[in-house]
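Novice: I'd like to go over a predicted model; first the sequence, then the structure.
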2 protein chains.
Amino acid sequence: MNSQELVFTNNVGEAIDTIAARLNPSKTFVLVDVNTQSFVLPRLQALSQTVAGATLIVTRAGDMHKNLDSTQAIWKRLGDEGATRHSLLINVGGGVVTDMGAFAASTFKRGISFINVPTTLLGAVDASVGGKTGINFGSLKNQIGVFSQADTVIVSTLFFNTLTVEELRSGYAEMLKHGLLEDADTFNSLLGRHVEDIDPDTMLDLLQKSVLIKKDIVDTDPEEKNIRKALNLGHTAGHAFESLALERKSPIPHGYAVAYGLVTELVLSCMKLSFPSDVLHRFAAYVKEEYAGFHFSCDDYPRLLQLMHNDKKNLTAADINFTLLKNIGDVTIDCIVSEDDIKSALDITRDLLGI
Amino acid sequence: MNSQELVFTNNVGEAIDTIAARLNPSKTFVLVDVNTQSFVLPRLQALSQTVAGATLIVTRAGDMHKNLDSTQAIWKRLGDEGATRHSLLINVGGGVVTDMGAFAASTFKRGISFINVPTTLLGAVDASVGGKTGINFGSLKNQIGVFSQADTVIVSTLFFNTLTVEELRSGYAEMLKHGLLEDADTFNSLLGRHVEDIDPDTMLDLLQKSVLIKKDIVDTDPEEKNIRKALNLGHTAGHAFESLALERKSPIPHGYAVAYGLVTELVLSCMKLSFPSDVLHRFAAYVKEEYAGFHFSCDDYPRLLQLMHNDKKNLTAADINFTLLKNIGDVTIDCIVSEDDIKSALDITRDLLGI
């Protein structure tokens, strides 16, 4: 896998034009969803000649459209508009647009160049490094995809004023996860803020720090053989919550699912690895206050366990495999946990979050 | 891209069992089409414990089924049967099975291990090295795919007695192409034979030589930046013939399309690079005798040119880009040819082949 450049800047238009000049593509395409088409594209067209002159591909918004139908529509547009192997796709949007656009680009004619311009906090912090591309398939998240690096990812806070508080919180959950993986200072600093109150410059700093925590881990283990699994913290349970909500036709934001998943997995960390319970309680209180809204009961446990069994991270289909913490910044990967322990952790999660 | 092992053997069962023991997958799947299910699978189940114990996935036969519908069915079976990232897919069949199975494996949960066991001459000679995976999309061949290496490719002639003369000739066309790229001795030796008369041991030798010609080229230029384009000889015109036949609902074997494409591109080589016309005439006579059956007229030229414009190998959508020869073994890549010259070459092709 080639390496990708990571640029932190609020001069997004200039950055895009510089990269496009270097790549000199046969044709340039811009992928947006209907939201970024309305709220971001006009600003970006004014800031970048490349974007202004590109062929536009518009996809539907929302995780339920991060699927093969939408991917096919992108492939078809690329083909119909004469894209060659030497064309460029610029993905402008949240995780749906960058994950799916990156997958479409990586599989079109066996791979064309692409740039990701995440416009959401979640996209910036979660999808900027690591080269994970993909789409949902059946009821499973990111079931189909490849590892493939963007030429460049442009990280900025320029478009965050178009986001709802819910979207900001969704991204902030991944930053909290990086804080838990890094050290107590980083974690406590994040837990002491409300994301909607952070000014753009401070946010670009916090974001850069958070993205570089992830980048260090990914660079150490690009193929996810060992320590990169640290980044799965909160996601085994979180993806199950997210899939359950999707199956109920009342989807929750990815970061909300991760926040709940982090609570469940910190409970498991307390149970299995003596993670400090005061940190769990502080974190659960923060999640309860900031991320309220999702409900599940013990009737949902069998389906949640089934969804965790299907998780890509499991070594075999019979296992449920977690990344857990001994303490903040002290990670243990490949923790096999029994179904009974998971059920207990789900009980305690509901208790802590008052659901 | 990881490197893949290439094993030339007629002890196929033993080879599979050894590789599976090394990989120690969480679960093993075997992909066959309805033809290899009938003619190859029973023999392979008797020869290999791994194959006998694997979960079977059966796909429809024929290039028209090398598409997204079939790929989705494979993904769904893998998911339903509990495949994890650590599962193994063994693709047993011709190019349709190995190209599509490799693509399905490379994109399932962002990539699981796979072994290719080509059962046709074409699959063995063409799809064994290079890591090209893919499926057709719209009317375009291999429009969607990735570069991804098998763990191992097992090349044998064990199953060639299940092939028709047409299938043998189809594979032999790619061997003729390798002969043209290598040297006069190799080329003349191939042109002096009828593929259906070659005994299995001689064939394994010829096949190994042919595959290693390709491997040398691919190893020199894995990303197809320059000399690997040599392997496109015959394929710019060939793919257009193949797509045209598909659109007419009377598909022709890939190797037949390549044989006609080689004639057209040797004509262009004579026109543009003074390729020796006596070699062209000897080759065209061989193709006329062995590969008869495809017809096109000057009414088809506009569509053929359009299909060549869509070819993945073009640098821009306005160009038509060929790999041509100055002489046997003397390749020139990136030859841009005008539409008028291509039309003349198509006229001469029809003349030489009596169509």
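Specialist: Structure received.

Novice: averaged pLDDT, stretch A:309-328. What do you get?
Specialist: In this model, stretch A:309-328 has an average pLDDT of 83.

Novice: could you pull out the helices for the stretch 151-300 of chain A?
Specialist: Secondary structure of the stretch 151-300 of chain A (DSSP state H, counting those that start in this stretch): helices at A:165-182, A:184-191, A:200-220, A:235-247, A:254-273, A:277-290.

Novice: give me the packing partners of the longest one, helices and strands only.
Specialist: Put plainly, it is helix A:200-220. Contacts defined by 3 or more C-beta pairs under 8 Å, 6 or more residues apart in numbering or on different chains; DSSP states H and E place helix A:200-220 against strand A:5-8, helix A:121-126, strand A:152-155, helix A:165-182, helix A:184-191. For glycine as for every other residue, the C-beta is placed from the backbone atoms N, C-alpha and C.

Novice: quick one, strands of the stretch 1-150 of chain A?
Specialist: Using DSSP state E, counting those that start in this stretch, the strands found in the stretch 1-150 of chain A span residues A:5-8, A:28-33, A:55-59, A:88-93, A:113-118, A:135-137, A:140-144.

Novice: of those strands, which shows the lowest average pLDDT?
Specialist: Note on those: strand A:140-144 shows the lowest mean pLDDT, a mean of 89.

Novice: show residues contacting it.
Specialist: If you take C-beta atoms under 8 Å, 6 or more residues apart in numbering or on different chains as the criterion, strand A:140-144 is touched by A:68, A:99, A:103, A:132, A:134-137, A:239, A:242-243, A:310, A:312, B:75, B:79, B:107-110.

Novice: try stretch A:199-212
Specialist: With C-beta under 8 Å, 6+ apart, stretch A:199-212 has contacts from A:6, A:8, A:10, A:121, A:124-125, A:128-129, A:155-158, A:160-161, A:174-175, A:178-179, A:186, A:190, A:198.

Novice: just the buried residues of those residues.
Specialist: A:6, A:8, A:121, A:124-125, A:128-129, A:155-158, A:160, A:174-175, A:178-179, A:186, A:190, A:198 (16 or more other C-beta atoms under 10 Å in any protein chain shown).

Novice: just so I know, which of the helices and strands packed on helix A:200-220 lies nearest chain B?
Specialist: Chain B lies closest to helix A:121-126 among those, at 15.4 Å (C-beta to the nearest C-beta).

Novice: just checking, what packs against the closest one?
Specialist: Using 3+ C-beta pairs under 8 Å, 6+ apart: helix A:121-126 touches helix A:95-107, helix A:165-182, helix A:200-220, helix A:254-273.

Novice: out of these, flag the one nearest B:Ser277.
Specialist: helix A:95-107 (41.9 Å; C-beta to C-beta).

Novice: packing partners for that closest one?
Specialist: Looks like helix A:95-107 contacts strand A:28-33, strand A:55-59, helix A:68-80, strand A:88-93, strand A:113-118, helix A:121-126, strand A:135-137 (3+ C-beta pairs under 8 Å, 6+ apart).

Novice: buried residues in that helix?
Specialist: Within helix A:95-107, the residues that count as buried by 16+ other C-beta under 10 Å are A:95-107.

Novice: can you tell me how far A:Arg77 sits from A:Thr59?
Specialist: To A:Thr59, A:Arg77 is 9 Å away according to C-beta to C-beta, to the nearest Å.

Novice: more neighbours: those two, which one.
Specialist: Taking neighbours as other C-beta atoms under 10 Å in any protein chain shown, A:Arg77 and A:Thr59 compare with A:Thr59 leading, 26 against 18.

Novice: which residues does the nearest residue to A:Pro118 once chain neighbours are set aside contact?
Specialist: Nearest non-adjacent residue to A:Pro118, counting by C-beta to C-beta, 6 or more residues apart in numbering or on different chains: A:Ala124, 4.3 Å away. Contacts for A:Ala124 (C-beta under 8 Å, 6+ apart) come out as A:Pro118, A:Val155, A:Ser156, A:Thr157, A:Gly171, A:Leu207, A:Val211.

Novice: what of A:Val155?
Specialist: Listed by C-beta under 8 Å, 6+ apart, the contact set of A:Val155 reads A:Leu6, A:Val7, A:Phe8, A:Thr9, A:Pro118, A:Ala124, A:Ser128, A:Leu204, A:Leu207, A:Gln208, A:Val211.

Novice: please report the distance of A:Leu212 from chain B.
Specialist: Per C-beta to the nearest C-beta, to the nearest Å, A:Leu212 is found 23 Å from chain B.

Novice: from A:Val129, how far off is that residue?
Specialist: According to C-beta to C-beta, A:Leu212 and A:Val129 sit 9 Å apart.

Novice: pLDDT weak spots in the stretch 201-350 of chain A?
Specialist: A:312-317 (pLDDT under 70).

Novice: who in chain A is up against chain B?
Specialist: Residues of chain A lying close to chain B by C-beta under 8 Å from any C-beta of the partner chain are A:26-27, A:68, A:72, A:75-76, A:79, A:82-86, A:106-111, A:132-134, A:137-138, A:140, A:142-148, A:310, A:312-317.

Novice: can you select the buried ones from those residues in PyMOL?
Specialist: Of the residues of chain A next to chain B, the buried ones go into a single PyMOL selection, burial set by 16+ other C-beta under 10 Å:
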select buried, chain A and resi 26+27+68+75+79+82+83+84+85+86+106+107+108+109+110+111+132+133+134+137+140+142+143+144+145+146+147+148+310+312+313+314+317
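
Novice: which residues does stretch A:341-351 contact?
Specialist: Residues contacting stretch A:341-351 (C-beta under 8 Å, 6+ apart): A:237, A:260, A:263-265, A:267-268, A:271-272, A:296-298, A:301, A:304-305, A:308, A:320.

Novice: pull out the buried residues from those.
Specialist: Neighbour-count burial (16+ other C-beta under 10 Å) applied to the contacts of stretch A:341-351 gives A:237, A:260, A:263-265, A:267-268, A:271-272, A:296, A:304-305, A:308, A:320.

Novice: tally of neighbours for the residue lying closest to A:Leu324 once chain neighbours are set aside?
Specialist: Leaving aside its sequence neighbours, A:Leu324 sits nearest to A:Ser269 (C-beta to C-beta, 6+ apart; 4.3 Å). A:Ser269 has 29 neighbours, counted by other C-beta under 10 Å.

Novice: fine by me, thanks again.
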